[in-house]
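> Next one to model:
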Amino acid sequence: MAKRYINEWNRTKDFLMAAKSNLELNDIKTVANREYFTVERAVVAMLLIENKKVPRSHKKIWEMSKILDLDFDVYDLMRKLYDLRLQADYGKVSNVTELNRDSVIYYLKQLELIIKIIKDKYKLE
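Next comes the predicted model:
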């Protein structure tokens, strides 16, 4: 099980790095996609650390995020980032937040803080 959480945590960091790189390229759509997967993979890593069964569906992962003891509302963040991802990947109309440079920059800053919280809590690299 340990290897699985390490793989998911490494994917979390890779997705965050990809979001930052794509922001430099002004590729807002890819930033939004990578931001969502950053938080989703972080949640999956935490669930694995906590020895929880990880569901396959996005929405079920959101629900499972509610059991994690964190200092922020990961469920709400996942919903907002998923909304941005749907706009970016499928051209959907926003239900929550409009996809633009300012919104992805805002969420990138939030993700950096959240990743630090998770890293400290679980003593991850």
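
> Just the element for the residue nearest the centre of the chain, please.
The chain has residue 39 as the residue nearest its centroid, 1.4 Å off, counting by C-alpha atoms, centre = their mean. Counting by DSSP states H and E, the element that carries residue 39 is helix 28-49.

> tell me what that helix is packed against?
In terms of contacts (3 or more C-beta pairs under 8 Å, 6 or more residues apart in numbering; DSSP states H and E), helix 28-49 is packed against helix 2-24, helix 58-65, helix 74-90, helix 101-122. For glycine as for every other residue, the C-beta is placed from the backbone atoms N, C-alpha and C.

> returning to what we had before: could you measure the residue nearest to the centre of the chain against residue 108, distance?
The spacing between residue 39 and residue 108, counted by C-beta to C-beta, to the nearest Å, is 11 Å.

> ok, now residue 44?
Distance of residue 44 to residue 108, given as C-beta to C-beta: 20 Å.

> which one of those two has more residues nearby?
Neighbour count, other C-beta atoms under 10 Å: between residue 44 and residue 108, residue 44 has more, with 24 against 18.

> just checking, that one touches residue 54?
Yes: with contact defined as C-beta atoms under 8 Å, residue 44 and residue 54 form a contacting pair (5.3 Å).

> low-scoring stretches of this structure, by residue?
Regions of the chain meeting the criterion pLDDT under 70 cover residues 1-2.

> Settle this for me: residue 83 is touching residue 90, isn't it.
No: judged on C-beta under 8 Å, residue 83 makes no contact with residue 90 at a distance of 11.1 Å.

> and these two? which has more neighbours close in?
residue 83 (21 against 7).
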